[in-house]
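K.L.:
Any chance you can model this:
(one chain, ligands or ions: 2)
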Amino acid sequence: MASTTKRAIIAKAKILGASLVNFAPADRWDEYGEVQTEYRPKALWNMAETVIVIGVPMLLPVLESTPSINYQEMYNATNSLLDQIGFRLSVWLNERGYPSIFMPRDGYGNLEILLNKYQGCFSHVFAAKYAGQGTIAYSHNLITREYGPRVRLVSVFTNLKLAGDPVIEEEICTKCDVCRRLCPSQSFTTRPDSIIADMDVDSCTRYHQELRSESRWPCGICCKVCPVGDDRKLYESTNIGLYLKEREALDKDPDDPRYKSWVHQRQHGSSGNRIY
Ligand code: SF4
Ligand code: SF4
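P.N.:
Ligands and ions are numbered 1, 2, ... in the order given. Next up is the predicted model:
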């Protein structure tokens with residue numbers, strides 16, 4: 001296909017609100033063979049030739065306030081934007097004669113369902129890997145050079161054959177251990193043979209149930225504390241030690257001025273007395 005069509009899709013997706021737009025040929029799922037057959041694009045929709053993966057960022061200073069209603073609202077805003085972009089880009093492509101659909105982000109009804117079956121019907125994380133948007137991190141999140149793991153995803157399947165972006169072969173995650181140390185549910189166990197940790201998904205989900213009952217979910221700490229991402233430079237937020245000391249410091253002094261803004265946000269709009 002003409003590269004101008006790819007450029008036109010990127011331009012349209014950006015007008016709709018996308019920050020990252022990358023392309024994966026549907027055949028890549030078969031080439032890599034990592035994803036079960038029934039979770040691959042062609043199994044979900046037999047017309048799929050290309051998957052367009054769209055990413056939108058989470059704004060680091062808002063995420064830093066987690067667990068808070070402010071982070072919950074921003075998370076909801078990214079979800080709503082992703083669904084809008086996925087739907088509207090699909091319709092735009094259909095109107096130009098290219099049959100297209102989108103796989104909504106996070107397809108689950110509630111957290112109780114995740115306790116019984118955590119897997120979504122389609123992995124946007126693997127889609128983003130195959131589209132060259134980033135790599136899969138220790139924490140199971142997609143990790144990107146631009147935003148670290150602070151990126152949310154949606155995928156558009158199209159019948160249009162488009163050249164794929166090169167897959168990133170070098171790991172972006174440095175396996176620095178910060179997300180494991182600070183995970184409130186201690187859900188990660190390091191594997192010597194893999195960059196990706198073993199994850200106790202139920203433990204993470206049960207912590208989310210607590211947070212949801214307080215109207216301050218999701219958790220997002222593994223995204224907050226990751227040192228990777230150009231967004232850190234933009235926000236001048238490169239002091240990872242601040243996260244590592246947060247609990248100890250707030251146990252000693254809940255009014256510690258270094259954390260005052262985050263604690264303030266945690267104490268408004270949610271129930272419970274949690275300050276971290
Ligand atoms: S915090 Fe460290 S180990 Fe965790 S995802 Fe980021 S770079 Fe990888
Ligand atoms: S979302 Fe929170 S509880 Fe779940 S794995 Fe990440 S840091 Fe741990």
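K.L.:
Going by C-alpha atoms from here, please, whenever you check contacts or count neighbours.
P.N.:
OK.
K.L.:
near ligand 2, which residues of the stretch 51-200 of the chain?
P.N.:
Contact residues, the stretch 51-200 of the chain versus ligand 2 (CA under 6 Å from any ligand atom): 183-185, 187.
K.L.:
Ranking by neighbours, what's the top pick from these?
P.N.:
residue 187 (21 neighbours; other CA atoms under 10 Å).
K.L.:
okay if I get the residues of the stretch 51-200 of the chain next to ligand 2 as CSV plus pLDDT and distance to residue 34?
P.N.:
Listed next are those as CSV, based on pLDDT from 0 to 100; distance: CA to CA, whole Å:
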residue, pLDDT, distance to residue 34
183, 98, 26
184, 98, 29
185, 98, 27
187, 98, 23
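K.L.:
Could you verify my assumption that residue 138 touches residue 175?
P.N.:
Yes: using CA atoms under 8 Å, residue 138 is in contact with residue 175, at 6.2 Å.
K.L.:
Who has more neighbours out of the two?
P.N.:
Using other CA under 10 Å, the more surrounded residue of residue 138 and residue 175 is residue 138, with 26 against 18.
K.L.:
circling back: list just the nearest of the residues of the stretch 51-200 of the chain next to ligand 2 to ligand 1.
P.N.:
Closest to ligand 1 out of those is residue 183 (9.9 Å), distances taken as CA to the nearest ligand atom.
K.L.:
Let me see the contact set for that closest one.
P.N.:
Residue 183 makes contacts with 221-222, as judged by CA atoms under 8 Å, 6 or more residues apart in numbering.
K.L.:
Next, work out how far apart it and residue 122 are.
P.N.:
25 Å (CA to CA, to the nearest Å).
K.L.:
same thing with residue 250?
P.N.:
40 Å.
K.L.:
Let me know the secondary structure of residue 162.
P.N.:
Secondary structure, DSSP: H, G, I helix; E, B strand; the rest coil: residue 162 is coil.
K.L.:
Check what pLDDT it gets.
P.N.:
The score at residue 162 is 97. That number is its pLDDT.
K.L.:
Make sure it is actually in contact with residue 26.
P.N.:
No: between residue 162 and residue 26 there is no contact under CA under 8 Å: 9.9 Å.
K.L.:
Same drill for the two, tell me which one is more crowded.
P.N.:
Counting neighbours by other CA under 10 Å for residue 162 and for residue 26 shows that residue 26 has the greater number, 26 against 20.
K.L.:
Moving along the chain from the strand or helix carrying residue 56, name the first helix or strand you hit.
P.N.:
Element membership of residue 56 [criterion: DSSP states H and E] is strand 50-57. Sequence order places helix 60-63 as the next helix or strand after strand 50-57, per DSSP H and E.
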